[in-house]
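S.K.: Predicted model follows, preceded by the sequence.
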Amino acid sequence: EHLCVDVTVTDTSTLVCPVLFPPDVDVTVVCPEEPTAPGGDLMYTGEVTNPGNITLGEVVVYSEFFGETQPLLGPISLAPNETVHYARNFTVPQDFCGADRIMVTGKPICGVESISDSAIALCSIHTSPAVVVKNHAPTEPVVRCATVVATGSVENTGDVSLVDLRVLSNQPSAGTLVYGPVTLAPGKVDEFTYEVAASEDCDCCQLSVTLTALGAGQCSEEIVRSTSTAIIPIESNPAIDVMVNCYSAAEILAGLGLYDGEVKNTGDITLTNVMVKGNLPEPNTVLVGPISLVPGETQFFFNDVDV
């Protein structure tokens, strides 16, 4: 009051003092007990808790894999010590192997900065990797030593991508790489070409070409394989040559015989059941055989009939 005048005077002052409210948030996640296959249902369940002492707003729970556009919960508000349960079902896409991170974000009502927490989800996903290789080698005879361009195809018949997929041939040697390594998505078919040739010294009527596809499932790393064999006929040119050398009269009188000679395989394929016959001392007298002659091989013979 004023000393001279009976009047009361007043004044006020306002002061805003900061109060510390440590914000906090926790999230948990539980995967299904049974394995889930691609195309099946995957149910995430869990809880989000506010263990702090201030209300959180704009609380959102989401999966890093499936994205914030498909939240598991929110946005909601969480009072201090409040816990909210969440559950969300997703369709398992191809090449999802089960590892995910569940995120939660929120903003304290007295703050401007968001807080967050995360939990790792390691769900069991059952995949069935599979592969089929096909060999489309030529069916018409090919020329020996000529390089033949053949085709093949490899298909991912499973429900998960195959990694490190390659195709090997047994020609010209085991383990020859003709395709890959690549990653092949489920349902995809890749075609490829490869070269093969019958070597000059190949004493064969056909060439067996086996293709083997090998790859690993992206999730399980299980190795799968497939084989396909094609028979390529080889064009052959069988030929034989026989030569006779008649003895002189003196040699015949000396009892050396009538003649000698040789039979030669002048073709490019082994000859079997080779026989040389003469007409002395009687028709169809066997002089050689039956024998086999490899290409280029010569067999000597003679007729020692007494005259």
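M.R.: Sure thing, it's come through. Numbering: from 1, shown residues only.
S.K.: separation between E64 and N237?
M.R.: 69 Å (C-beta to C-beta, to the nearest Å). In this view, the C-beta of every residue, glycine as well, is placed from N, C-alpha and C.
S.K.: what's the answer for I291, then?
M.R.: Taken as C-beta to C-beta, the span from I291 to N237 is 20 Å.
S.K.: Settle it for me: which of those two has more neighbours?
M.R.: I291 (14 against 11; other C-beta atoms under 10 Å).
S.K.: wait, what's in contact with that one?
M.R.: V274, M275, Q299 (C-beta atoms under 8 Å, 6 or more residues apart in numbering).
S.K.: Ok, A174 next?
M.R.: L168.
S.K.: so is it in a helix, a strand, or just coil?
M.R.: coil (DSSP: H, G, I helix; E, B strand; the rest coil).
S.K.: need the next SSE after the helix or strand of the chain with the lowest mean pLDDT, C-terminal direction.
M.R.: Every helix and strand of the chain was ranked by mean pLDDT, DSSP states H and E. The lowest is helix 249-253, at a mean of 62. Per DSSP states H and E, the first helix or strand lying C-terminal to helix 249-253 is strand 259-265.
S.K.: ok, residues contacting that next one?
M.R.: 239-247, 271, 274, 276, 287-288, 293-303.
S.K.: For T10, see how far away P51 is.
M.R.: Here P51 is placed at a distance of 45 Å from T10 (C-beta to C-beta).
S.K.: the more surrounded of the two?
M.R.: Neighbour comparison, P51 and T10: the larger count goes to P51, with 15 against 4 (by other C-beta under 10 Å).
S.K.: Quick check: the more buried one touching P23?
M.R.: No. Between P51 and P23 there is no contact under C-beta atoms under 8 Å: 9.6 Å.
S.K.: Could you check how far stretch 108-126 is from the centre of its chain?
M.R.: 36 Å (C-alpha atoms, centre = their mean, to the nearest Å).
S.K.: I should have written stretch 56-67 there, sorry.
M.R.: 36 Å.
S.K.: Contacts for it, please.
M.R.: Residues outside stretch 56-67 that contact it (C-beta under 8 Å, 6+ apart): 23, 25, 27, 44, 46, 48, 50, 68, 70-78, 86, 90, 96, 100-109, 114-115, 121.
S.K.: And the buried ones among those, selectable in PyMOL?
M.R.: Filtering those down to the buried ones (16 or more other C-beta atoms under 10 Å) takes a single PyMOL command:
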select buried, resi 23+25+27+44+46+48+50+71+72+73+74+76+77+78+86+90+96+100+102+103+104+105+106+107+108+114+115+121
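S.K.: helix or strand for E195, which one?
M.R.: strand 189-197.
S.K.: returning to that earlier point: the contacts of I291 into JSON lines, with extra columns for pLDDT?
M.R.: What follows is the contacts of I291, written out as JSON lines (pLDDT from 0 to 100):
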{"residue": "V274", "pLDDT": "91"}
{"residue": "M275", "pLDDT": "88"}
{"residue": "Q299", "pLDDT": "90"}
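S.K.: Show the buried residues in these.
M.R.: Buried among those (16+ other C-beta under 10 Å): V274, Q299.
S.K.: Which ones among the contacts of I291 map onto strands?
M.R.: Using DSSP state E, the subset of these located in strands is V274, M275, Q299.
S.K.: With distance to N170 as extra columns, can I get those in TSV?
M.R.: Converted to TSV, these look like this (distance: C-beta to C-beta, whole Å):
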residue	distance to N170
V274	32
M275	37
Q299	34
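S.K.: if we take the residues you listed, which one ends up nearest to L165?
M.R.: V274 (49.5 Å; C-beta to C-beta).
S.K.: The closest one touches I240, doesn't it?
M.R.: Yes. Here V274 reaches I240: they are 7.2 Å apart, a contact under C-beta under 8 Å.
S.K.: so what sits against both of those two?
M.R.: With C-beta under 8 Å, 6+ apart as the test, V274 and I240 both reach V263, N265, L293.
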